[in-house]
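Asker: Below: sequence and its predicted model.
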Amino acid sequence: RKGNATKEQIRLHNLVQQLPRALIIGVRKGGTRALLEMLNLHPAVVKASQEIHFFDNDQNYARGIDWYREKMPFSFPHQITIEKSPAYFITEEVPERIFKMNSSIKLLIIVREPTTRAVSDYTQVLEGKERKNKTYHKFEKLAIDGNTCEVNTKYKAVRTSIYTKHLERWLKYFPVEQFHIVDGDRLITDPLPELQLVERFLNLPSRISQFNLYFNATRGFYCLRFNIVFNKCLAGSKGRIHPEVDPTVVAKLRNFFHPFNQKFYQITGRTFSWP
Ligand code: A3P
């Protein structure tokens with residue numbers, strides 16, 4: 001057996017392992033897993049289940065493109081394969097490497113209000129530290145420079161939320177039309193319209209419907225219904241409770257991100273009502 005398909009099935013159905021024709025390149029904590037799983041509801045989409053980290057990890061990249069292809073699921077030739085590795089968005093070498101593989105690849109970026117995303121990022125790291133019984137600084141201490149009382153731009157969770165800085169690096173390789181921006185805040189509250197925009201961007205017929213998505217009150221999130229017998233919610237690590245953050249720090253961060261957000265709206269043509 002290879003993946004989920006038997007040798008016989010592979011031969012009978014002409015199944016192939018295809019390089020991705022679309023990538024979810026980021027942003028970490030934007031809702032990248034939810035987006036991939038939800039797009040996978042579409043019959044013409046297959047997903048690489050794991051983050052492959054081919055383009056951002058030098059060791060993996062050195063293994064070559066055939067190694068990457070072999071990580072892909074079997075699919076029908078008409079289907080499109082999607083992979084997501086959120087580290088791609090912020091890693092210097094990645095745009096050029098992806099360009100060399102396929103200069104016309106479609107690139108998806110899912111974003112959330114930058115301060116919320118930074119807190120989500122912090123919460124994930126905090127959970128990792130706690131699991132190892134380690135103590136960790138408070139968010140406020142990391143996000144604000146103790147000497148200047150200004151926003152600490154060296155803190156990774158802050159830097160990752162300066163979306164325009166990263167996007168500008170990508171635009172040296174790919175025209176803006178090759179990117180589609182997904183509203184990660186709306187994917188949480190009302191996913192279908194966001195998914196329909198992605199279907200259109202990928203030139204796929206509209207197939208994902210309200211039937212495929214149902215709100216699970218216990219989880220507090222939308223879950224996925226593939227058919228009448230099979231449904232699933234995302235893992236419990238998606239949708240963590242964020243710590244409360246000092247409102248003056250939140251205000252400082254929002255002020256800090258504001259001009260970068262304006263630039264991001266201007267470049268992408270997609271405006272959000274971020275404060
Ligand atoms: P929080 O943990 O901050 O709530 P990523 O997959 O990129 O790490 O993003 C994780 C985020 O996806 C979660 O952030 C959560 O809010 C969001 N998300 C969006 N839709 C979701 C869904 N249907 N189920 C669970 N989490 C979802």
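Answerer: Received, thanks.
Asker: Show me which residues of the stretch 51-200 of the chain are close to the ligand?
Answerer: Within the stretch 51-200 of the chain, the positions near the ligand by C-beta under 6 Å from any ligand atom are Pro86, Ser120, Leu187, Ile188. For the C-beta atoms, the positions are set from N, CA and C on the backbone; glycine is no exception.
Asker: which two in those residues are spaced the farthest apart?
Answerer: Checked with C-beta to C-beta, these reach their widest spread between Pro86 and Ile188, with 16.4 Å between them.
Asker: Who has more neighbours out of these two?
Answerer: Pro86 (22 against 16; other C-beta atoms under 10 Å).
Asker: hang on, the more buried one packs against Arg33?
Answerer: No. Using C-beta atoms under 8 Å, Pro86 is not in contact with Arg33, being 9.1 Å away.
Asker: hey, where'd the strands end up in the chain?
Answerer: For the chain, applying DSSP state E gives strands covering 16-17, 22-26, 45-47, 74-75, 80-84, 106-111, 179-183, 213-216, 221-225, 231-232.
Asker: could you dump these to JSON lines with mean pLDDT and mean neighbour count?
Answerer: Converted to JSON lines, the strands of the chain look like this (pLDDT from 0 to 100; neighbours: other C-beta atoms under 10 Å):
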{"stretch": "strand 16-17", "mean pLDDT": "95", "mean neighbour count": "16"}
{"stretch": "strand 22-26", "mean pLDDT": "97", "mean neighbour count": "26"}
{"stretch": "strand 45-47", "mean pLDDT": "98", "mean neighbour count": "21"}
{"stretch": "strand 74-75", "mean pLDDT": "95", "mean neighbour count": "20"}
{"stretch": "strand 80-84", "mean pLDDT": "98", "mean neighbour count": "23"}
{"stretch": "strand 106-111", "mean pLDDT": "98", "mean neighbour count": "24"}
{"stretch": "strand 179-183", "mean pLDDT": "98", "mean neighbour count": "21"}
{"stretch": "strand 213-216", "mean pLDDT": "97", "mean neighbour count": "14"}
{"stretch": "strand 221-225", "mean pLDDT": "98", "mean neighbour count": "18"}
{"stretch": "strand 231-232", "mean pLDDT": "96", "mean neighbour count": "12"}
